[in-house]
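Q: fold the following.
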Amino acid sequence: MRILITGITGFIGAELAHKLVSSGHEVYGLMQHVVGRDLSCLEDIKDKINLIICDIRDYYSVRESIKKINPQIVLHLAALSPVRLSFEHPFDFQQATFLGAVNVAEAIRDLYGPDKVRLVVASTAEVYGIQEEKPSTEDMRLEPSSPYAVAKASMDMYMRMLIKVYNCNIVLLRNSNTFGRKYDPSFFTEYVINEMLKGNDIYIGAPESVRDYMYVDDHVNSYLLAMSIPEARGQVFNIAGGKGYTNREWTLKIADIIRFPLNKIHFGQYPPGYPSRPIKSDQPYLVLNPSKAKKILGWNQSISPEDGLKKTVDYWKNQLEEKDLGDLSRQKLDKIKEIMDSE
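A: Have a look, this model is predicted:
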């Protein structure tokens, strides 16, 4: 099929592109023009995908891009992250995340009507906000507690309006915290792994907050199912393991795999220079009930969080070892050049 991914240069977007290319699909991606943009996440498939420059915040740019591609499936993942930065840049988050999603959905409806194109939209577990300490279900009232979550919740509500009013062929996925990044070590799990592998002190600002974790492969599989199963049309799905871990427990799991000294972990402290966020905005408990996705999509968490952590640790360990070898080789070359120049 001819599939368009918005946010193709992001974490899940790039992983999805690889999976779809390997399955023989014709893959397109929308990306905003940024000088010096790093496309290393797509380097090995760049000749097998089609990248279109588009400003997701501009309706006519989005409409013309979609018209040119004429997709059968649109996977909308374009958004700004992470959550903590949204407090400093609230307007940017609303424009890219909420307005961008509205532009994509309305362009599809205008060009093709409500039926022809299946639109799968990335919502997030963050839309639930601060709730009772029990796994959230899809019918719960949304209580977002950050500008990022408000943008996603607004988008979520707009998509459900399009489903209710126009019967649009839309599927919403509210995915839990996902790890297994290969290019960005700034998110929580990857931050902890990288700092531990480097032997640096670890800072865990909210050690008792509870989160539901999922390895990247299971996240990607949720999109593959949502885009292909007819019964998913017009539905909202939680995609999650359904089990909560405190930040303390999660950090100690990583430390056990790496054999990291526990006296170098500082619970209750944020890293130096860490962007601040209002204390009241922090969600103490964010766990989702995935029963509906299991029943209708046939989705299951196939990789346990513990196995996913081992895979992620192995990946970053190899990356750091390759970097060290590369640095050593460059040092040797510089030394040889220095000797030759002196002669």
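Q: so L288 bridges to which residues?
A: Per DSSP bridges, the residues bridged to L288 are S136.
Q: so how far is L173 from it?
A: Going from L288 to L173 by C-beta to C-beta, to the nearest Å gives 11 Å. Heads up, the C-betas are built off the backbone N, CA and C, glycines and all.
Q: what touches both of those two?
A: Shared contacts of L288 and L173, defined by C-beta atoms under 8 Å, 6 or more residues apart in numbering, comprise I239.
Q: what is the neighbour count of N300?
A: Neighbours of N300 under the rule other C-beta atoms under 10 Å: 11.
Q: ok, the closest residue to it other than its chain neighbours - how many residues close by?
A: Distances taken as C-beta to C-beta, 6 or more residues apart in numbering place K294 nearest to N300, at 6.0 Å, with adjacent residues excluded. As a burial measure, K294 scores 16 neighbours (other C-beta under 10 Å).
Q: can you check the pLDDT for K294?
A: As summarised for this prediction, K294 has a pLDDT of 98.
Q: same question for K280.
A: 66.
Q: could you pull out the strands for the stretch 151-300 of the chain?
A: For the stretch 151-300 of the chain, applying DSSP state E, counting those that start in this stretch gives strands covering 170-175, 177-179, 202-204, 210-215, 236-239, 244-246, 265-267, 285-286.
Q: which one of these lies closest to F187?
A: F187 lies closest, by C-beta to C-beta, to one member of the strands of the stretch 151-300 of the chain: strand 177-179, at 7.3 Å.
Q: and the contacts of that closest one?
A: By C-beta under 8 Å, 6+ apart, strand 177-179 touches 11-12, 125, 187-190, 211-216, 219, 286, 308-309, 312.
Q: if we go to 10 Å?
A: For strand 177-179, the external contacting residues (C-beta atoms under 10 Å, 6 or more residues apart in numbering) are 11-12, 15, 124-126, 187-190, 192-193, 211-220, 222, 239-241, 245, 250, 286-288, 305, 308-309, 311-312.
Q: how about it: buried residues?
A: Neighbour counts over strand 177-179 (16 or more other C-beta atoms under 10 Å) mark N177, T178, F179 as buried.
Q: out of those, who's nearest E231?
A: For those, the minimum distance to E231 (C-beta to C-beta) is 24.2 Å, reached by T178.
Q: and the gap between the nearest residue to that closest one once chain neighbours are set aside and N175?
A: Sequence neighbours aside, H219 is the residue nearest to T178 in space, at 4.6 Å (criterion: C-beta to C-beta, 6+ apart). The gap separating H219 from N175 is 6 Å, by C-beta to C-beta.
Q: name the residues contacting each of the two.
A: By C-beta under 10 Å, 6+ apart, the residues touching both H219 and N175 are I12, A122, I239, A240.
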